[in-house]
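Visitor: Model the structure of this input:
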Amino acid sequence: MKKIETVVNVTPDGQITVQLPPDIPAGGYQVVIVLNENVASEQLVAKDKSKTLKFSAYPVGLVADNFSFRREDLYDR
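Guide: Numbering: from 1, shown residues only. Just a heads-up that it's a prediction; the model follows:
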């Protein structure tokens, strides 16, 4: 099961068109449509734009001088 959130326009004759991601194979699916009438169109557009999170850098150094985070050092072979 996949959850896809998108904005659609309903035509006067009651039809909608939905563009699905390319990883969805062709075939029959059960679809549930939830209409949220309380959301303004500006809020829907703003929801689609992802916000970039900014984290401040805090240098902590290494745990020990002879310790590294290389893959070869972290995993047993």
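Visitor: all helices of this structure, in order?
Guide: 41-48, 71-74 (DSSP state H).
Visitor: ok, of those helices, where does mean pLDDT dip lowest?
Guide: Mean pLDDT values for these show the minimum at helix 41-48, a mean of 57.
Visitor: Tell me where the model's unsure across this protein.
Guide: 38-51, 61-62, 77 (pLDDT under 70).
Visitor: Mind doing that once more with 90?
Guide: 1-11, 14, 16-25, 31-77 (pLDDT under 90).
Visitor: what distance separates stretch 9-27 from the middle of the whole chain?
Guide: 19 Å (C-alpha atoms, centre = their mean, to the nearest Å).
Visitor: Equivalent analysis for stretch 12-32, please.
Guide: Distance, centroid of stretch 12-32 to centroid of chain: 18 Å (C-alpha atoms, centre = their mean).
Visitor: Over to stretch 65-76?
Guide: 32 Å.
Visitor: start to end distance for it?
Guide: 21 Å (C-alpha to C-alpha, to the nearest Å).
Visitor: same deal with stretch 60-69?
Guide: 14 Å.
Visitor: cool, and stretch 9-17?
Guide: Using C-alpha to C-alpha, the distance between the terminal residues of stretch 9-17 is 8 Å.
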